[in-house]
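Colleague: sequence first, predicted model second:
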Amino acid sequence: MLQPIVSYHQDDEDHWVANLSCGHTQHVRHRPPWERRDWVTHREGRNAMLGYKLNCKLCELDSEME
């Protein structure tokens, strides 16, 4: 289920985590070659992605449980 990014925070290991509008969170790591998210490495890139919709697996699980 697609949910927009509303803000970010860093976890205990200093990895960036997107806060989604649904209240769930999702790591947004840049780990080439598996995950290419250059935008997460600087503030301007993260700000440009506010509102971008990520697939929230927890929302999908919640909807399957209903």
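Modeller: Nice, I can see it.
Colleague: centre of the chain to the helix or strand that contains residue 45, how far?
Modeller: Using DSSP states H and E, residue 45 falls within helix 43-48. Relative to the chain's own centre, helix 43-48 is displaced by 13 Å; criterion: CA atoms, centre = their mean, to the nearest Å.
Colleague: centre of the chain versus the longest strand anywhere in the chain, how much separation?
Modeller: Using DSSP state E to define each element, the chain has its longest strand at strand 2-10. Its chain's C-alpha centre and that of strand 2-10 lie 5 Å apart, by CA atoms, centre = their mean.
Colleague: next secondary structure element downstream of the helix holding residue 45?
Modeller: With DSSP H and E setting the assignment, the helix or strand that follows helix 43-48 is strand 53-55.
Colleague: give the partner strands of that next one in its sheet and their orientations.
Modeller: Paired with strand 53-55 in the same sheet, following DSSP bridges, are strand 2-10 (antiparallel).
Colleague: in the strand it pairs with, which residues are buried?
Modeller: The neighbour-count check on strand 2-10 (16 or more other CB atoms under 10 Å) flags 3, 5, 8 as buried. Every C-beta, even on glycine, is put in place using the N, C-alpha and C of the backbone.
Colleague: OK, contacts around the last one?
Modeller: What it means is residue 8. Residues near residue 8 by CB atoms under 8 Å, 6 or more residues apart in numbering: 16, 17, 18, 19, 28, 46.
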